[in-house]
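structure, please.
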Amino acid sequence: MAKHGFKVFDSDLHIMEPPDLWERYIAPEFRSIAPRGRTSDNVRDLGVIFPDEEPSARRTSGVPHRGHNYEKNQKLYRDHARRGWGPDVQLEAMDVEGIDVAVLYPSRGLSVLTHPDRDPRFAAAIARAYNDWMFDFCQTDTARLLGAGMLSVYDLRDAIEETHRVVEELKFRAVFLRSNIVNGKNWHDPYYEPLWETLEGLDIPVGFHEATGSRSRQSGDHFEPNFGLRRFYGQPFEQMLGLGSFVAGGVLARHPKLKVAFLEANCSWVPWLLWRMDEGYEREGDVFMTELTMAPSGYFKRQCFVSVEPDEGPARYMIEEFGSDQLVFSTDYPHGDSRYPAAVDSFLKLPLSDDDKRKILWDNCARFYSVNDVPHAAKAGRAGDGTQSVRE
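Predicted coordinates:
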């Protein structure tokens, strides 16, 4: 399918998980306390409820059930919600938008592992259940629907074990985390070294995908309960902190083959932040960045990717400063700030060269996820009861 002559690879297309995903897929011992998707008149309700959580601890703010953006999305996605957001709906939406291939990231699942004191065994079961469900979801078309695996970092042994499983058994193309810190340890902390070593050894990338809400401390908390102000800052600020850990905190210096992407938080802030990091490296690098052998911007250019929004006009400044080799594309379907069904068309209207557009729409994303020709895999399912089904 090439839209206007361009192949399109969505770096983090979203799915909408069914409300009972975890009740159906989680290990039986955790079923009674499994997270449940909240449902409401909002056809895009992303909320998750934990049955054992005190009502006072549940965040109640979020996308309001009012306003023109809410009304637009109600009309746009009503049929998709009525049909259950299944893989047939996903593929249909990709066809409408002109997307050839997509790596799939969660919606409800972006906040399901953000509690600061989550029991590690329960958290690992939540991640495993999501990944089992994602595997089944992708079987409808394994050439176009590619999985990214959820990891729990409350016990790093669980994260490492699940990384091996989603890569070696489920054949996912990446794992994902949120930049938002949930266990009190920055990403450059030695605690995470075994995980980065594992990813590097498996040659599997990690996509950092932030969201506006969290049960842990987040930048946008300063503006609670004003969701409009919260949205301005929550995602890009958290991604800035994550990028700082990786490039200036020494993670990429220690792991030169590790690839990392910072997704769905714009890219236009990157030149300024890297300029500021380079300035800091020049001044204090001999004391506080002793593992670095080049400026932080050098590690970014060697190992990092960042996503551009379909209508992000200021992205041209990013390209002027660093070129287009680090940029990947996302439509953000079916979230409220997506330009669906005209996201690709919006991007193609940006004042960029065809060569830059081609790199951003396909080449860079294929390089990040190590995708050339995606083979059709034998279809198989999962029992949905916390046990693994037999693959052909």
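
residue 197 - how many residues pack around it?
14 (other C-beta atoms under 10 Å). Using the backbone N, CA and C atoms, a C-beta is placed for each residue, glycine as well.

show me the residues around it that make contact.
Neighbouring residues of residue 197 by C-beta atoms under 8 Å, 6 or more residues apart in numbering: residue 255.

oh, and call the first residue 55 from now on, that's how I've got it
Got it, first residue is 55 now, which makes that one residue 251.

any idea whether it is helix, strand or coil?
Classification of residue 251 using DSSP: H, G, I helix; E, B strand; the rest coil returns helix.

how close does it sit to residue 169?
As judged by C-beta to C-beta, to the nearest Å, residue 251 and residue 169 stand 27 Å apart.

mind checking pLDDT for the spatially closest residue to residue 164 that is not a sequence neighbour?
The shortest distance from residue 164 to any non-neighbouring residue, by C-beta to C-beta, 6 or more residues apart in numbering, is to residue 265 (4.2 Å). We have a pLDDT of 90 for residue 265.

now the one 10 residues further on
With respect to pLDDT, residue 275 has a value of 90.

same thing with residue 128?
With respect to pLDDT, residue 128 has a value of 89.

in a strand, it, correct?
No. Counting by three-state DSSP, residue 128 is not found in a strand; it is helix.

tally of neighbours for the closest residue to it other than its chain neighbours?
Once flanking residues are discounted, residue 128 sits nearest to residue 97: 5.9 Å by C-beta to C-beta, 6+ apart. A count of nearby residues for residue 97, using other C-beta under 10 Å, gives 20.

can you name the residues that contact residue 97?
Counted by C-beta under 8 Å, 6+ apart, residue 97 has contacts 127, 128, 131, 132, 134, 135.

the residue nearest to residue 164 falls within a strand, correct?
No. Using three-state DSSP, the assignment for residue 265 is coil, not a strand.

verify the stated contact: it with residue 166.
No. Counting by C-beta atoms under 8 Å, residue 265 does not reach residue 166; the two are 10.5 Å apart.

any low-confidence regions in the stretch 305-446 of the chain?
427-446 (pLDDT under 70).

now do the strands in it.
Using DSSP state E, counting those that start in this stretch, the strands found in the stretch 305-446 of the chain span residues 314-317, 358-362, 381-383.

quick check, nearest of the contacts of residue 97 to residue 105?
Minimum distance to residue 105 across the contacts of residue 97 is 23.4 Å, recorded for residue 135 (C-beta to C-beta).

what strand or helix carries the closest one?
Using DSSP states H and E, residue 135 falls within helix 122-136.

next one: residue 147
Assigned by DSSP H and E, residue 147 falls in helix 141-151.

neighbouring contacts of that helix?
55, 62, 64, 67, 69, 134, 137, 154, 156, 158, 191-195, 198-199, 385, 387-388, 394-395, 397-398.

so what's the gap between it and the chain middle?
How far helix 141-151 lies from its chain's middle: 19 Å, per C-alpha atoms, centre = their mean, to the nearest Å.

kindly report the same for stretch 121-135.
23 Å.

send me that stretch as CSV with only the CA atoms.
Presented in CSV, the C-alpha positions along stretch 121-135 are these (Å, rounded to 0.1, in the frame of the first residue of the first chain):
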residue,chain,number,x,y,z
GLY,A,121,-15.9,20.0,25.1
HIS,A,122,-15.5,19.9,21.3
ASN,A,123,-12.6,17.4,21.3
TYR,A,124,-14.6,14.9,23.4
GLU,A,125,-17.6,15.3,21.1
LYS,A,126,-15.4,14.9,18.0
ASN,A,127,-13.9,11.6,19.3
GLN,A,128,-17.3,10.3,20.3
LYS,A,129,-18.5,10.6,16.7
LEU,A,130,-15.3,9.4,15.1
TYR,A,131,-14.7,6.3,17.2
ARG,A,132,-18.2,5.2,18.2
ASP,A,133,-18.3,2.4,15.6
HIS,A,134,-14.8,1.3,16.5
ALA,A,135,-15.9,1.0,20.1
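
show me the contact partners of that stretch.
Residues contacting stretch 121-135 (C-beta under 8 Å, 6+ apart): 70, 96, 97, 98, 117, 118, 143, 147, 388, 390, 394.

distance of the nearest residue to the first one once chain neighbours are set aside relative to residue 64?
Excluding the flanking residues, the one nearest residue 70 by C-beta to C-beta, 6+ apart is residue 139, at 3.8 Å. With distances taken as C-beta to C-beta, residue 139 is found 16 Å from residue 64.

between those two, which one's more packed in?
residue 64 (28 against 22).

part of a helix, is the more buried one?
No. Counting by three-state DSSP, one finds residue 64 to be strand, located in no helix.

number of nearby residues for the closest residue to it other than its chain neighbours?
Spatial nearest neighbour of residue 64, chain neighbours left out: residue 156 (3.9 Å); criterion: C-beta to C-beta, 6+ apart. Here the number of neighbours of residue 156 (other C-beta under 10 Å) works out to 26.
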